[in-house]
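Asker: Quick one: sequence and predicted model below, then my questions.
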Amino acid sequence: MLKGQDILCVSSIDWGFIWQGHQEIMTTLAEHGNRVLFVENTGVRSLQLRDLARLRQRVRNWWQGTKGFRKERDNLFIYSPLILPFPYSWMARRLNRRFLLRSLRRWMQATGFHRPIVWTFLPTPLVHDLIQELSPRLTIYYCIDDLASSSHSARKIIQSEERLFRSAALVFVTSEKLRERAARFRDQVYVFPFGVSYRRFEQVRSSSAGVPSDLQELPRPVAGYVGGIHQWVDIDLLVTVADRTPEMSFALVGPSQTEVSRLIQCPNIHLLGARPHKDLPGYIKGFDVGLIPYRLTEYTANVYPTKLNEYLAMGIPVVATDLPEIRRFNAEHDGIILIAPDAQGFARAIKDATDKNSQADAERRTAVARQNSWEARITQMSALIENTLTARRTREGRWEETLRHLYRTARRRFTQTTIVIVTGYLFLFHTPLTWFVAEPLLETDLPRPADAIIVFAGGVGESGKAGGGYQERVKRAVELYHAEYAEHLVFSSGFVFALQEADVMKALAISLGVPENAILLENAASSTYENVKFVKAILHKQEWQTILLVSSPYHMRRAILTWQQVAPDVEVISVPVRQSRFYSHDSGATVEQMRGILHEYAAIVVYWWKGWI
């Protein structure tokens, strides 16, 4: 058995989920002196509404630990990461990779967890990133499901799984169909179906302890099922079989993970709910026959049911639907499982199993289960791992190989960094992204007659330079004045650069043909809020109710919102500068333009926080 190793397990389920091979293998390895960090599921699809309960539990797990890390038992630690639930988004992947690596490296440094074996049940792009960055001593991929067929969104996993099939030092699979798929990408694939904790089941089977009380109360005989009642369980089959065998009690032990109302309506079907894994042998001991009622789908064609060996370990007969792995198991063990092609055959097989069961049959079943114990499985896996480690240590003893590895790592990181920088540059400066983000800030109306034209000057404005934006705004206001939309102009600015900005704006307007007596100045405002506040006083004094507001294009949203909050009785017509050089879309966005747009969004947040909008 493998000993003295550091093992980082990337799991496809959470530690507290239904007990499966993930927990069994890692617990066994920890008991034999290996230190194990069990990383809970990081996801193969985007978050959905039905995942909210699991999300809440993940947050609780993170909170109960130290930054998500907690000690489960000797040599076994659990990490419950909080990450963005978008496994195929390059942006989320980059952020998740950075967060996970930082957290893992800090924990590894604190515990002396050095260059571990990475044992992953997940083949996602994020897992590839972790493997590359951690440079593990060995990578093992244990493929237990056809994840790509589990949901539509999970189909995106195909490419990254193929990469892992090629790159992993060892690939284990649970079924023949999974082996065939993996064999397309590598020469050596090892089939290790999930096993059974045979000794524990044998102890319960041999003991005088009775079965749990909720099962004891059911009329016999009892056909039982253990495991999640999920989308792959054939609900139609169970309902039909229960109707055809009213004398039989059907006990389903496990959490309901799909719609079960039809099962509840059947008088002889009993949903006993989730039970701790340690109690399952006692429940199976109370079954007269064990059921594997899975639907026949692309996904279940690759499934080796864990419960198969658990039933056999208790010596009870098993009735199953016609799954490929059940057929293969039967071929290896001389037809030990009763396979039913349809509901009628399933009902008949259950009756035959309960009527013709013998002690010799039970002993034969337990003998088969003993061959498929987890102890035997993990011992075989450990031998393969130790042999691979020995061969790798021999290769790594050559300094040339180590140096080449370091150069490959440095080159890969340089390439990745360059790609990110170039992609980011092109994305920001040579796509419409900036203008897509800016569009909600722009508000413009058709001009119509008003009492006055109000111009908010920019101070340093979009250009970041004193007086950088006022010329465009004054020219727009003068244009509206000459078009006779209003008889008065009000320039609002308290900014000073050598001269008062409002005075400079007035001089420019006069030079463009506006009479001096048509211009009013407000020269105290230092912000948009004060622009509105001080101009409002002028409007009330002049008894003006309707204005044309001139400012830069993407300042208009904040200005209008401020008017609505501070002076709701004033009708504001938005007429921004039409051809602003600071917001020209003729080419890609500039740093100056992006800075101005981000400034506006930040200012809107601040104004909302202060109650000005």
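Answerer: Good, I have the coordinates.
Asker: Domain map for this protein?
Answerer: For the chain, the structural domains run 6-193+379-396, 198-372, 437-610, going by automatic domain parsing.
Asker: can you redo these as JSON lines with distance to residue 423?
Answerer: C-beta here means a position set from N, CA and C on the backbone, and glycine is covered the same way. Converted to JSON lines, the domains of the chain look like this (distance: least, Cβ to Cβ, whole Å):
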{"stretch": "domain 6-193+379-396", "distance to residue 423": "9"}
{"stretch": "domain 198-372", "distance to residue 423": "35"}
{"stretch": "domain 437-610", "distance to residue 423": "14"}
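Asker: Select, out of those domains, the one closest to residue 420.
Answerer: Residue 420 sits nearest to domain 6-193+379-396 of all the domains of the chain, at 7.5 Å, using Cβ to Cβ.
Asker: Next SSE downstream of the helix ranked longest in the chain?
Answerer: Criterion DSSP state H: the longest helix present in the chain is helix 399-429. Proceeding N to C from helix 399-429, the next assigned helix or strand is helix 433-438, under DSSP states H and E.
Asker: now the stretch 251-400 of the chain, which segments are flagged as low pLDDT?
Answerer: 395-400 (pLDDT under 70).
Asker: What segments of it are helices?
Answerer: Here the stretch 251-400 of the chain has its helices, by DSSP state H, counting those that start in this stretch, at 261-264, 280-285, 307-313, 324-332, 343-355, 359-371, 374-396, 399-429.
Asker: what about the ones you listed, which gets the closest to residue 529?
Answerer: That would be helix 399-429 among those, by Cβ to Cβ, at 30.6 Å.
Asker: Also compute the angle for the closest one relative to helix 374-396, please.
Answerer: 100 degrees (axes from the mean of the first three to the mean of the last three Cα atoms, to 10 degrees).
Asker: how far is helix 399-429 from where the chain is centred?
Answerer: Per Cα atoms, centre = their mean, to the nearest Å, the displacement of helix 399-429 from the mean C-alpha position of its chain is 26 Å.
Asker: ok, now stretch 132-141?
Answerer: 22 Å.
Asker: what's the span of that stretch from first residue to last?
Answerer: 14 Å (Cα to Cα, to the nearest Å).
Asker: Quick check: buried residues in that stretch?
Answerer: Across stretch 132-141, burial judged by 16 or more other Cβ atoms under 10 Å covers 133, 134, 136, 137, 138, 139, 140, 141.
Asker: Contacts for it next, please.
Answerer: Stretch 132-141 is contacted from outside by 5, 8, 97, 101, 104, 115-120, 123, 131, 164-165, 167-172, 385, 388-389, 392, 405, 409, 412, using Cβ atoms under 8 Å, 6 or more residues apart in numbering.
Asker: circling back: from the helices of the stretch 251-400 of the chain, which stretch is densest packed?
Answerer: Ranked by average neighbour count under the criterion mean count of other Cβ atoms under 10 Å, the helices of the stretch 251-400 of the chain are headed by helix 307-313 at a mean of 26.
Asker: Could you check how far it is from the centre of its chain?
Answerer: With Cα atoms, centre = their mean, you get 33 Å for helix 307-313.
Asker: Ok, stretch 307-317 next?
Answerer: Centre to centre, stretch against its chain (Cα atoms, centre = their mean), the figure for stretch 307-317 is 36 Å.
Asker: now stretch 284-291
Answerer: 38 Å.
Asker: circling back: select from the contacts of stretch 132-141 every entry located in strands.
Answerer: 8, 117, 118, 119, 120, 170, 171, 172 (DSSP state E).
Asker: who wins for neighbours among these?
Answerer: residue 119 (28 neighbours; other Cβ atoms under 10 Å).
Asker: contacting residues around it?
Answerer: Counted by Cβ under 8 Å, 6+ apart, residue 119 has contacts 7, 8, 9, 10, 25, 26, 140, 142.
Asker: Surely residue 162 and residue 185 touch.
Answerer: Yes: here residue 162 lies in contact with residue 185, judged by Cβ atoms under 8 Å, at a distance of 5.6 Å.
Asker: what's next to stretch 322-338, contact-wise?
Answerer: 175-177, 193, 292, 294, 296, 300-305, 308, 312, 317-320, 339-341, 349, 352-353, 364-365, 368.
Asker: Which residue ranges of the stretch 501-613 of the chain form helices?
Answerer: Going by DSSP H, counting those that start in this stretch, the stretch 501-613 of the chain shows helices at 501-511, 528-542, 556-566, 591-610.
Asker: Lowest average pLDDT across those?
Answerer: In terms of average pLDDT, helix 591-610 trails the rest of those, at a mean of 85.
Asker: Nearest to the middle of this structure, which residue? Look it up for me.
Answerer: residue 85 (1.8 Å; Cα atoms, centre = their mean).
Asker: and that residue, which of the three is it?
Answerer: coil (DSSP: H, G, I helix; E, B strand; the rest coil).
Asker: between the ones in strands among the contacts of stretch 132-141, which is closest to residue 494?
Answerer: Closest to residue 494, out of all of the ones in strands among the contacts of stretch 132-141 and judged by Cβ to Cβ, is residue 8, at 60.9 Å.
Asker: That closest one reaches residue 121, doesn't it?
Answerer: No: Residue 8 lies out of contact with residue 121 (Cβ under 8 Å); the separation is 12.0 Å.
Asker: for the strand or helix carrying residue 25, packing partners?
Answerer: Using DSSP H and E, residue 25 maps to helix 21-31. If you count contacts as 3 or more Cβ pairs under 8 Å, 6 or more residues apart in numbering; DSSP states H and E, helix 21-31 packs onto strand 6-10, strand 35-39, strand 76-79, helix 374-396.
Asker: Mind doing that once more with 7 Å?
Answerer: The contact analysis (3 or more Cβ pairs under 7 Å, 6 or more residues apart in numbering; DSSP states H and E) places helix 21-31 against strand 35-39, strand 76-79, helix 374-396.
Asker: Now render those as TSV, adding distance to residue 549.
Answerer: Listed next are these as TSV, based on distance: least, Cβ to Cβ, whole Å:
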stretch	distance to residue 549
strand 35-39	56
strand 76-79	55
helix 374-396	71
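Asker: so who does the residue lying closest to residue 201 once chain neighbours are set aside touch?
Answerer: Nearest non-adjacent residue to residue 201, counting by Cβ to Cβ, 6 or more residues apart in numbering: residue 313, 3.8 Å away. Shown in contact with residue 313 (Cβ atoms under 7 Å, 6 or more residues apart in numbering): 196, 198, 201, 202, 366, 369.
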